[in-house]
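Trainee: Let me see the structure of the following:
(one chain, ligands or ions: 1)
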Amino acid sequence: MAICSFSTLLKEAEERNRAAGAFNVGSMEMLMGVLAAAEERETPVILQIAEKRLRHSPLELMGPMMVSAARAARIPVAVHLDHGSTPAVLRQAMDMGFTSVMFDGSALPLAENIKETRALADEAHARGVEVEAEIGVLGGSEGGPEQRSVCTDPEEAERLASASGCDALAVAIGNAHGHYKGVPKLRFDVLEDIRRRVGVPLVLHGGTGIPAEDFRRAISLGVRKINIATANFDALTSGAARLLHEREDADYFALNEAMVQSVKENALRHLSIFQNR
Ligand SMILES: [Zn+2]
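Mentor: This next block holds a predicted model:
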């Protein structure tokens with residue numbers, strides 16, 4: 001059984017000055033592609049699904065598949081609910097055997113974010129499940145309306161991390177969900193300040209389109225989990241489009257293989273950066 005907590009992976013990443021890749025999946029093909037890449041690289045990986053994406057990929061179908069794939073994998077795999085906010089959904093993921101859940105209270109005032117994250121962390125920890133919290137406003141959109149990015153206040157990050165009992169903290173340092181308009185400008189000075197104040201591993205969302213050298217710099221400053229969602233979805237659709245363009249007679253089985261392969265290639269590309277190889 002290779003399923004494990006994200007803390008185990010993030011601790012190992014800290015020791016090796018790496019980050020763990022956390023890939024969002026929406027279908028069996030995406031899941032297979034990510035695991036094939038991680039097994040080929042012999043590196044642990046995090047499989048995750050965001051609450052806002054459950055309309056297209058229902059949790060009652062995806063959740064058991066993710067947990068079962070993690071248990072059967074040859075490498076350690078954590079299974080995580082990304083951007084959770086609805087109590088019933090957070091509980092459903094925990095019931096299914098997810099090893100961690102994210103409570104996204106970033107839109108709440110600090111005191112509310114602390115209170116709600118604390119309540120979830122108490123419940124989750126009693127069940128052996130870990131919690132990722134978030135502070136600051138990420139730009140772009142994770143399946144909802146577009147948001148303007150507001151950098152995490154390092155002092156507020158310190159207060160949330162120490163008072164909420166979270167196991168990892170997602171920060172906003174100029175990163176955004178979806179596709180960047182132009183090259184992202186990450187605030188490494190803010191990241192450094194957060195790192196000095198916060199003991200738990202830091203998480204970088206909005207990994208799609210961040211240049212390799214910025215990933216490496218963020219890792220050197222303490223980012224231990226990097227989320228890749230949009231690039232993973234794009235890899236699947238471009239793999240499918242390429243095949244259907246090249247082969248008019250392509251059947252489902254050829255399509256399945258093309259989608260798995262292009263997701264795998266995207267995951268391999270990111271994993272080699274995150275491993276600092
Ligand atoms: Zn995110």
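Trainee: So in terms of bridging, what pairs with Q147?
Mentor: With DSSP bridges as the criterion, Q147 is bridged to G140.
Trainee: Tally up the residues packed near it, please.
Mentor: For Q147, the neighbour count with other C-beta atoms under 10 Å is 17. C-beta here means a position set from N, CA and C on the backbone, and glycine is covered the same way.
Trainee: got a list of what the nearest residue to A36 once chain neighbours are set aside touches?
Mentor: Computed as C-beta to C-beta, 6 or more residues apart in numbering, the closest residue to A36 that is not its neighbour in sequence is K264, at 4.6 Å. Contact analysis of K264 by C-beta atoms under 8 Å, 6 or more residues apart in numbering lists G33, V34, A36, A37, E40.
Trainee: Let's see that with 7 Å instead.
Mentor: By C-beta atoms under 7 Å, 6 or more residues apart in numbering, the contact set of K264 is G33, A36, A37.
Trainee: Filter those residues down to the ones in helices?
Mentor: Among the contacts of K264, the members found in helices (DSSP state H) are G33, A36, A37.
Trainee: and of the residues you listed, the nearest to D249?
Mentor: Checking the ones in helices among the contacts of K264 against D249 by C-beta to C-beta gives G33 as the nearest, at 23.1 Å.
Trainee: burial measure for that closest one, as a count.
Mentor: Residues lying near G33 (other C-beta under 10 Å) number 27.
Trainee: so it makes contact with L268?
Mentor: No. G33 is beyond contact range of L268, at 9.4 Å (criterion: C-beta atoms under 7 Å).
Trainee: rewinding a little: just put the contacts of K264 in CSV and tack on distance to V77.
Mentor: Formatted as CSV, the contacts of K264 follow (distance: C-beta to C-beta, whole Å):
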residue, distance to V77
G33, 14
A36, 12
A37, 12
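Trainee: Buried ones in the helix or strand where the residue nearest to A36 lies, by neighbour count?
Mentor: Using DSSP states H and E, K264 falls within helix 252-274. Neighbour counts using 16 or more other C-beta atoms under 10 Å place 255-256, 258-264, 266-268, 270-271, 273-274 of helix 252-274 among the buried residues.
Trainee: for G21, helix, strand, or coil?
Mentor: strand (DSSP: H, G, I helix; E, B strand; the rest coil).
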